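J.: Got a sequence here, can you build the structure:
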Amino acid sequence: MHMPSATTNLAQSTPLYRMSKTVNRFCAMEESLDPLDCPTGLDLTTGVLPKPFQGRIVNGDNAQLGEIPYQVSLQIPYSSFHFCGGAILNNNYVITAAHCVEERSPSDVKVVSATVDLRNPQSIHEVIKVIVHERYNSMDSWRNDIALLKVKDVFIESAVVSFVPLPSPNQEVPSNSVAVVSGWGRLTEGGNTPTILQKTTIVIADQDYCEQKYGWHNLNIYESHICAYDPIEESGSCHGDSGGPLTVDGKLTGVVSWALGCASTEYPTVYTRVSEYIYWINANAL
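T.: A predicted model of the protein is given here:
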């Protein structure tokens, strides 16, 4: 799965990176801190970086064809490079994360649907319009991290393609509600990526707990965020899962957005809370 990873310190030996462009830019600690060579959002005085998170579901299971029929893969045209997930909203639109497509034109994205195996793409859709939320802010905890993609050739519902149900506006989701997250993100942090769609079951985190944990890192959790994780086993979304669906009772509750680490049992993954954007979705996904 593909998401922004929350913070990294330059004292660590691992490279810092962002994944919102086709070509990744690396900024290792021994390299010069030229803003043109380093990820967007890197504080050059403190060395703290909000890091887009690209990965796959950790400790998940293979999804069966038709099991998550609204799941799509966002890929680079003329290649099979998967960079984000998404969900089919209706005949014409896909919902995803803003950070997945903020710097992409329609010609920079294709949508692959009707498959769980990226080696066997069944339906490829050209994108003709990218709509990023007008108040998306990558410098403030990826607030309003939501976007829509309009495709040229419509999605036709079938046994392997369907539209994801939406929640009611401002619908409350209790803590500990069981949720399902899916994607083609990394199997472990920094690890391999799968060709088969992965899924796993996690729970909705207490909002106050999530605010507290990320507050220690000067990251804000807003009402437009919803957090989810497995507090016992490292299971959940990872790099490459961004933009993918989090569902509760079969409804699209969240869009994979960002996290501190991959599938942490301590730090929940942060999702865009879809119920906060129903009016925006209805106004734009026409």
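J.: Show me the helices in this protein, by range?
T.: Per DSSP state H, the chain carries helices over the ranges 98-101, 207-215, 278-284.
J.: Give me the spatial nearest neighbour of S257, chain neighbours excluded.
T.: For S257, ignoring the flanking residues on the chain, the nearest one in space by CB to CB, 6 or more residues apart in numbering is D145 at 4.4 Å. All C-beta atoms are positioned from the backbone trio N, CA, C, and that covers glycine.
J.: What residues does the one you found make contact with?
T.: Listed by CB atoms under 8 Å, 6 or more residues apart in numbering, the contact set of D145 reads A97, A98, H99, H133, Y136, S138, V255, S257, W258, T272.
J.: Can you give me the distance of the residue nearest in space to the middle of the chain to F83?
T.: In the chain, the residue lying closest to the centroid (CA atoms, centre = their mean) is S242, at 1.7 Å. As judged by CB to CB, to the nearest Å, S242 and F83 stand 8 Å apart.
J.: Any idea how far apart the tips of stretch 233-247 sit?
T.: Between the start and the finish of stretch 233-247 there is a gap of 19 Å, counting by CA to CA, to the nearest Å.
J.: just stretch 66-84 next, same as before
T.: Using CA to CA, the gap from the first to the last residue of stretch 66-84 comes to 19 Å.
J.: quick one: buried residues of that stretch?
T.: Applying a neighbour-count criterion of 16 or more other CB atoms under 10 Å, one finds I68, P69, Y70, Q71, V72, S73, L74, Q75, H82, F83, C84 buried in stretch 66-84.
J.: and if you look at stretch 261-279?
T.: By neighbour count with 16+ other CB under 10 Å, stretch 261-279 contains the buried residues 261-264, 267-277.
J.: Go ahead and measure how far it is from the middle of the chain.
T.: Taking CA atoms, centre = their mean, to the nearest Å, one finds the center of stretch 261-279 at 9 Å from the center of the full chain.
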